[in-house]
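Asker: quick one, what's the 3D model for this:
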Amino acid sequence: MSRGVMDGAKLLRPHAPEAGRVDPKVLRQAADWWTRLREDASDADRARFEQWRRAQPAHELAWQRLTALTRDVASGVAQAGHDVAAHTLRQAPLIQSRRNAIRWMVTAAGVGLGAWAMGEAGTVRRITADLSTGTGERRALTLPDGTRLELNTASAVDLRYTATLREVVLHEGEILVTTAQDAKGRPFQVRTRSGILTPVGTRFVVRDLDDGRALRVAVLQGAVDVRSLNAADAPRRVQAGNQAEFSTAGGYAPRPLEAAASAWTHGMLIADELPLAQFLQELGRYRPGRLACSTEAAALRVVGAFPLADTERVLDMLQDVLPVRVRRYTRYWVSVGLA
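Answerer: Residues are numbered from 1 along each chain as shown. The predicted model follows:
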């Protein structure tokens with residue numbers, strides 16, 4: 001190995017702070033902030049971040065661990081000199097996005113990001129994805145071909161547009177896609193961890209379920225063909241006005257389209273006789289920390305439309321319509337049980 005390569009390898013070995021163990025949930029919050037602050041954050045976002053960072057010593061430690069990798073690599077390149085830095089960068093993949101930059105640094109450093117900081121694979125996927133949202137965040141954008149893409153809370157996607165194919169890769173979370181006709185005639189598809197969806201002039205919602213072992217597609221317009229990752233399997237078509245769940249084990253459960261399927265795009269959570277335990281599980285997707293339900297209260301039915309922007313208000317509303325009490329042990333640990 002040449003001296004330039006050896007010096008380059010040395011500068012790409014950052015170390016994260018080791019003092020003490022941090023709760024994985026706090027690390028996930030830090031990762032959410034890391035992503036948000038790099039996506040045109042507002043002054044209000046930065047102010048809230050500083051409040052979060054000062055709230056607990058663990059928050060500061062989590063933030064230091066998360067930023068150590070990028071900070072140390074940048075410092076190492078700056079100190080190594082032009083020749084060594086240039087050689088090292090030539091050996092790395094072309095860095096065209098945050099995803100590629102982080103993957104390159106983690107690989108070159110020989111450090112598994114999940115091992116030293118994250119504790120949860122989902123957080124890593126969100127950090128390294130082309131597009132992502134944090135907990136409770138939603139995002140909408142128009143892709144270069146005119147397709148409109150909306151990301152729900154804690155979602156991560158990659159965009160793979162080539163000369164012959166337009167592909168959105170859903171790593172986790174939930175998206176709403178409104179496809180556009182491509183001027184180049186390229187087909188469009190969504191790839192998930194459990195299946196591939198090919199729309200037919202359509203508008204649809206797809207959600208990753210059970211940590212990639214299943215998916216749910218809800219078709220608002222047109223139709224969607226869904227097939228497993230095994231190319232030999234025949235696709236199943238879901239028509240407008242219907243939704244279906246598919247599992248990697250071969251399960252298929254169709255049913256009429258529910259209003260709740262796309263309500264999140266309007267900032268609402270709709271419940272129609274939804275068991276309280278299931279309702280809280282859905283609500284918990286939009287807030288950090290743990291939101292638990294007691295066994296005694298789990299079967300109570302929830303009916304109504306609830307604003308996702310204020311989950312604390314939703315919890316208070318539950319106490320007005322159900323015989324339950326919300327117990328807040330900390331900001332991030334809330335339990336709902338019978339009053």
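Asker: got the residue ranges for the strands in the stretch 101-250 of the chain?
Answerer: For the stretch 101-250 of the chain, strands defined by DSSP state E, counting those that start in this stretch occupy the ranges 131-132, 139-142, 148-151, 156-161, 166-172, 174-178, 188-191, 196-209, 214-227, 236-239, 242-247.
Asker: least confident of the ones you listed, on average?
Answerer: Ranked by mean pLDDT, the strands of the stretch 101-250 of the chain bottom out at strand 131-132, which scores a mean of 90.
Asker: chain center to it, what's the gap?
Answerer: On the basis of Cα atoms, centre = their mean, to the nearest Å, the separation between the geometric centre of strand 131-132 and that of its chain is 7 Å.
Asker: how is the protein divided into domains?
Answerer: For the chain, the domain assignment from automatic domain parsing gives the residue ranges 3-128, 139-261, 267-338.
Asker: worst mean pLDDT among those domains?
Answerer: When those are compared on mean pLDDT, domain 3-128 scores lowest, with a mean of 55.
Asker: which strand or helix spans A47?
Answerer: Following DSSP states H and E, the helix or strand that holds A47 is helix 43-55.
Asker: over to A62?
Answerer: helix 57-80.
Asker: need the residues that contact stretch 253-273.
Answerer: Outside stretch 253-273, the residues that touch it by Cβ atoms under 8 Å, 6 or more residues apart in numbering are 138, 150, 152-153, 174, 176, 205, 218-220, 238, 240-245, 279, 282-283, 286, 301-309, 314. The way it works is simple: take the backbone N, C-alpha and C, and place the C-beta from them, glycine included.
Asker: hang on, the earlier thing: out of the strands of the stretch 101-250 of the chain, which gets nearest to W33?
Answerer: With Cβ to Cβ as the criterion, W33 lies closest to strand 131-132 of the strands of the stretch 101-250 of the chain, at 12.5 Å.
Asker: tell me which other helices or strands that closest one touches.
Answerer: strand 148-151, strand 156-161 (3 or more Cβ pairs under 8 Å, 6 or more residues apart in numbering; DSSP states H and E).
Asker: tell me the angle of the longest one relative to strand 196-209?
Answerer: If I follow you right, that is strand 156-161. Here strand 156-161 points in a direction 170 degrees away from that of strand 196-209 (axes from the mean of the first three to the mean of the last three Cα atoms, to 10 degrees).
Asker: can you give me the neighbour number for L276?
Answerer: 21 (other Cβ atoms under 10 Å).
Asker: surely it is in contact with S294?
Answerer: No. At 9.2 Å, L276 does not count as touching S294 under the criterion of Cβ atoms under 8 Å.
Asker: find the residues that touch each one of these two.
Answerer: Shared contacts of L276 and S294, defined by Cβ under 8 Å, 6+ apart, comprise V336.
Asker: between the helices and strands packed on strand 131-132, which gets nearest to V321?
Answerer: Ranking the helices and strands packed on strand 131-132 by their distance to V321 (criterion: Cβ to Cβ) puts strand 148-151 first, at 29.4 Å.
Asker: can you list the strands that that closest one pairs with?
Answerer: Paired neighbours of strand 148-151 in the sheet (DSSP bridges): strand 139-142 (antiparallel), strand 174-178 (antiparallel).
Asker: which of those strands is buried the deepest?
Answerer: Among those, the stretch with the highest mean neighbour count (mean count of other Cβ atoms under 10 Å) is strand 174-178, at a mean of 23.
Asker: now that strand against strand 214-227, angle please.
Answerer: An angle of 30 degrees separates the directions of strand 174-178 and strand 214-227 when computed by the same axes, to 10 degrees.
Asker: count of neighbours near F279?
Answerer: Burial of F279 is recorded as 24 neighbouring residues (other Cβ under 10 Å).
Asker: you'd agree it is in a helix?
Answerer: Yes. Membership of F279 in a helix is supported by DSSP: H, G, I helix; E, B strand; the rest coil.
Asker: relative to E167, which of the strands paired with strand 148-151 is closest?
Answerer: In terms of Cβ to Cβ, the element of those nearest to E167 is strand 174-178, at 11.6 Å.
Asker: any chance you could list what contacts the closest one?
Answerer: 147-153, 155, 157, 168, 190, 199, 202-208, 262, 264-265.
Asker: just how off-centre is it within its chain?
Answerer: 13 Å.
Asker: stretch 41-60 now?
Answerer: On the basis of Cα atoms, centre = their mean, stretch 41-60 sits 20 Å off its chain's mean C-alpha point.
Asker: send the alpha carbons of that stretch over as CSV?
Answerer: As requested, C-alpha coordinates have been extracted for stretch 41-60 and formatted as CSV (Å, rounded to 0.1, in the frame of the first residue of the first chain):
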residue,chain,number,x,y,z
ALA,A,41,-34.6,24.0,8.4
SER,A,42,-36.3,27.2,9.5
ASP,A,43,-35.2,29.4,12.3
ALA,A,44,-38.0,27.9,14.5
ASP,A,45,-36.6,24.4,13.7
ARG,A,46,-33.2,25.5,14.8
ALA,A,47,-34.5,27.0,18.0
ARG,A,48,-36.4,23.9,18.9
PHE,A,49,-33.3,21.8,18.2
GLU,A,50,-31.3,24.0,20.6
GLN,A,51,-34.0,23.5,23.3
TRP,A,52,-33.9,19.7,22.7
ARG,A,53,-30.1,19.7,22.9
ARG,A,54,-30.0,21.5,26.2
ALA,A,55,-32.9,19.6,27.8
GLN,A,56,-30.8,16.6,29.0
PRO,A,57,-27.1,15.7,29.1
ALA,A,58,-28.0,12.5,27.2
HIS,A,59,-29.3,14.7,24.3
GLU,A,60,-25.9,16.4,24.0
